[in-house]
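**Student:** Fold the following and give me the result.
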Amino acid sequence: MSDPKHLSRRELLSSLAALGLVGLPTVASAAAGLAVIVNAANGETLGLPEVAAIFTTRRQGWKNGERIVPFNYPPRHEVRAQFDQLALGMDPDAAARYWIDRKIRGGNAPPKQVNSGQLIVRLVAKMPGGVGYVPRALVTPDVRIAAEL
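**Tutor:** Okay, here's the model as predicted:
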């Protein structure tokens, strides 16, 4: 671990999770890291603000004009809870409230839900506008990592 005065966001959250101070699913899964993946032909690199905008559907298109097609795990899935905490700063209940509010206000539909990380990788590999997130170990050469959490 780095100097406590200069912890990365992942190190800080992992440390807090180990102490039971935040609701990450497990310290082991948090330490494994998540990769935000895009279609291999997509050249964009994403920062945390762009990832958040995509997965809250505030951002709808890539710079090349292609429509963004985000894939999400179902609510309360361990990987989804980890992603929502790291990328969106939301626990499962806050994420659920966000999507209920968006629906009531007529906002964009939430990302498509997919139950399997392997399926997310296959879908993103086949769809030019696809984007998803998976545990780093599931990334294949068929997709490109645009961000890591």
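
**Student:** contacting residues for P70?
**Tutor:** Under the criterion of Cβ atoms under 8 Å, 6 or more residues apart in numbering, the contact list for P70 reads 54-55, 57, 111-112, 130-132. (Each C-beta comes from the backbone N, C-alpha and C, glycine too.)

**Student:** what's the closest non-adjacent residue to I37?
**Tutor:** Using Cβ to Cβ, 6 or more residues apart in numbering and skipping residues adjacent in sequence, the residue nearest I37 is V143, 4.2 Å away.

**Student:** sorry, that was for L48
**Tutor:** If the residues on either side of it in the chain are set aside, L48 comes closest to A87, at 6.5 Å by Cβ to Cβ, 6+ apart.

**Student:** hey, where'd the helices end up in this structure?
**Tutor:** 9-18, 27-32, 48-55, 78-83, 92-104, 117-126 (DSSP state H).

**Student:** For the chain, which residues score under the pLDDT cut-off?
**Tutor:** For the chain, applying pLDDT under 70 flags the ranges 1-32.

**Student:** List the buried residues in stretch 77-89.
**Tutor:** Taking 16 or more other Cβ atoms under 10 Å as the neighbour-count basis, stretch 77-89 is seen to contain the buried residues 77, 79-88.

**Student:** and the residues you listed as TSV, adding distance to L34?
**Tutor:** Formatted as TSV, the entries for these read as follows, by distance: Cβ to Cβ, whole Å:
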residue	distance to L34
H77	12
V79	7
R80	10
A81	11
Q82	6
F83	6
D84	11
Q85	10
L86	7
A87	8
L88	12
